[in-house]
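Novice: Structure for this input, please:
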Amino acid sequence: MKILSVSQIREADAYTITNEPIPSIDLMERAARACYAWFHTNISRSESIGILCGQGNNGGDGLALARMLKAGGYTVIVYSIHHSSTSSPDFQINFDRLTEWHVVPKAINSSEELIGYQHDIWVDAILGSGLNKPIRGLISNVVGLVNSLPGRKVAIDIPTGLFADNNSQNEKNGVFQATDTLTFQSPKFSFLFSEFGSCAGDVHVLDIGLHRDFLKTVASNNYYITPNMASSLLPKRDKFDHKGTYGHALLIAGSKGKSGAAILASKAALKVGCGLVTAYVPQVSLDPIQAAAPEVMAITDIGDNVLEHIEFELAPDAMGIGPGLGTNAKTAKTIISFLESLNQPVVVDADALNIIAQEQAWHSVPAQSILTPHPGELDRMLGQRYRGEDVYAPALAFAKKHSVNLLVKGAHSALYTAEGQTYFNSSGAPAMATAGSGDVLTGILTSLIAQGLAPVAAVIVGIYYHGLAGQEAEKQSCSRSVTATDIINALRVA
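Specialist: As a prediction, this is how the structure comes out:
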């Protein structure tokens with residue numbers, strides 16, 4: 001799914017109106033109908049709903065939704081926020097239609113007029129995606145008041161106060177704090193980064209039938225990974241395949257006290273379908289991995305407690321390096337030397353990233369390799385701290401400069417490719433913020449490359465199913481109790 005900018009969304013609307021053709025008021029009706037379908041599935045008729053409507057087209061969406069909810073038997077009160085002396089034509093049409101259902105919006109000229117009202121659900125349809133400066137005055141006061149009230153909060157298309165494309169000049173405390181956002185056709189860019197993306201809560205992308213010809217041809221370097229996209233790339237299997245068909249993955253991992261990282265990565269590699277998995281570990285890790293993962297083969301380094309000289313006679317189809325290695329000086333030297341000897345992409349994670357960053361030895365990483373930092377590791381790689389949308393440009397520049405695929409892990413893990421595209425993951429759960437989750441991902445990615453996927457395809461498939469397994473593990477347990485082993489076990493269901 002392409003992620004579109006504000007200007008591209010407007011172009012998509014205009015193209016649809018002209019070429020379907022469809023009047024703008026009917027396109028608004030279509031959007032409201034998609035929102036109503038979500039409410040019908042997720043919101044009980046016993047819950048009271050308060051809808052805050054601005055005077056533009058976002059407010060028009062809210063009015064149309066209110067009419068449909070009223071017709072569907074919901075209890076609805078509409079508040080018309082009088083922040084302007086004029087209203088859009090489609091807002092006015094839906095205002096008149098709503099009054100025909102004997103629903104008269106309450107005019108709000110001051111936030112104090114909302115004091116005392118309580119609803120189970122507050123719906124934000126005040127301002128849409130065209131905002132480019134922090135909100136002030138009446139709208140700011142209304143947003144601040146409603147944010148302080150109890151109840152589930154649902155934003156239509158985008159939370160009021162949030163900029164769709166970049167929030168570096170915005171003020172987070174002035175944004176409507178949604179628990180759910182019903183956005184149209186594609187997620188907004190700003191939803192995908194931690195600092196302001198939290199304002200959108202759980203994002204639900206609703207297809208409102210914008211013209212397929214436009215969506216197919218419009219240029220975008222930013223993509224949102226959908227279930228269909230991930231499943232279409234998943235390696236297919238044949239009746240006459242054998243374990244050699246499914247590849248051989250080598251995981252270089254572990255040190256004294258961190259053998260678990262090698263175990264988790266190796267188990268995950270097997271669980272997503274690799275035919276053969278070998279763990280290259282220091283001698284201290286041999287017994288633990290043989291006991292915990294009998295299906296995994298193991299080779300030991302000359303080092304007792306840490307890796308000191310990587311050497312083997314295998315010819316694996318893919319390699320992953322980094323989990324639990326530590327940053328011992330001997331290990332650092334052998335890691336860089338080993339990477340310099342390679343002529344195939346490798347998955348680089350954890351301590352291997354820290355070692356390379358410390359030595360600034362990015363020249364040692366083979367082209368098209370996959371680097372998988374969490375935000376702290378990324379800070380060390382880039383040499384300074386970036387957060388929110390500000391990470392986008394330097395991460396993309398890094399990937400291009402070093403000809404690597406940079407996977408920045410987070411709520412919406414983002415793959416920045418050497419060719420200049422960015423892929424944002426749509427799956428995952430807070431429960432995945434647990435020790436070893438990244439080691440599991442390293443095993444998954446290495447396994448998928450061993451099974452024949454190109455690096456970018458392996459990341460798209462890997463992060464989606466890793467996230468889906470995290471969601472499943474959370475369902476089976478709870479957000480606070482999930483372990484990395486639970487994620488591995490849930491890969492089967494994913």
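
Novice: drop to CA atoms for contacts and neighbour counts, all remaining ones
Specialist: Fine.

Novice: Of all the helices and strands in this protein, which has the lowest average confidence?
Specialist: helix 194-197 (a mean of 92; mean pLDDT, DSSP states H and E).

Novice: List the pairing partners of the following helix or strand past that helix within its sheet, with orientation.
Specialist: Following helix 194-197 in sequence order, the next helix or strand is strand 202-206 (DSSP states H and E). As defined by DSSP bridges, the strand partners of strand 202-206 come to strand 180-184 (parallel).

Novice: thinking L339 is in contact with V365, fair?
Specialist: Yes. If you go by C-alpha atoms under 8 Å, L339 and V365 touch, sitting 5.8 Å apart.

Novice: Neighbour count: those two, which is higher?
Specialist: The neighbour comparison of L339 against V365 (other C-alpha atoms under 10 Å) goes to V365, with 26 against 22.

Novice: need the contact list for the more buried one.
Specialist: Contact analysis of V365 by C-alpha atoms under 8 Å, 6 or more residues apart in numbering lists 339-340.

Novice: before we move on, what about L307?
Specialist: Per C-alpha under 8 Å, 6+ apart, neighbours of L307: 255, 281-282, 301, 325, 330-331, 334.

Novice: domains in the chain, as residue ranges please.
Specialist: Following automatic domain parsing, the chain resolves into domains at 6-220, 229-490.

Novice: do you know how far I22 is from Y15?
Specialist: To Y15, I22 is 10 Å away according to C-alpha to C-alpha, to the nearest Å.

Novice: Compare neighbour counts for the two and give me the winner.
Specialist: Using other C-alpha under 10 Å as the criterion, I22 and Y15 rank with Y15 on top: 18 against 14.

Novice: thought that one was touching H211?
Specialist: Yes. Counting by C-alpha under 8 Å, Y15 sits close enough to H211 to count as a contact (7.0 Å).

Novice: tell me which residues of stretch 447-462 are tucked away?
Specialist: By neighbour count with 16 or more other C-alpha atoms under 10 Å, stretch 447-462 contains the buried residues 447-453, 455-462.

Novice: Name the nearest of the residues you listed relative to V78.
Specialist: Nearest to V78 among these: I460, at 42.3 Å, using C-alpha to C-alpha.

Novice: so the closest one, which of the three states?
Specialist: Recorded secondary structure, I460: helix (DSSP: H, G, I helix; E, B strand; the rest coil).

Novice: From I463, how far off is the spatially closest residue to it that is not a sequence neighbour?
Specialist: Spatially, and ignoring its direct neighbours in sequence, I460 is nearest to A230 (6.2 Å; C-alpha to C-alpha, 6 or more residues apart in numbering). Applying C-alpha to C-alpha, the value for A230 to I463 is 9 Å.

Novice: higher neighbour count, the two?
Specialist: I463 (28 against 19).

Novice: For that one, pull up the helix or strand it's in.
Specialist: Here I463 sits within helix 455-476, counting by DSSP H and E.

Novice: Likewise for I487?
Specialist: With DSSP H and E as criterion, I487 is part of helix 484-490.

Novice: in that helix, what's buried?
Specialist: For helix 484-490, by 16+ other C-alpha under 10 Å, it's 484-490.

Novice: of all the residues you listed, which two lie farthest apart?
Specialist: A484 and A490 (9.9 Å).

Novice: can you map out the helices along the stretch 151-300 of the chain?
Specialist: For the stretch 151-300 of the chain, the helices defined by DSSP state H, counting those that start in this stretch occupy 194-197, 212-217, 227-233, 259-271, 286-292.

Novice: How about the one residue sitting closest to the centre of the chain, nearest residue that isn't a chain neighbour?
Specialist: Residue closest to the average C-alpha location in the chain (C-alpha atoms, centre = their mean): H412, at 2.1 Å. Nearest non-adjacent residue to H412, counting by C-alpha to C-alpha, 6+ apart: N425, 5.0 Å away.
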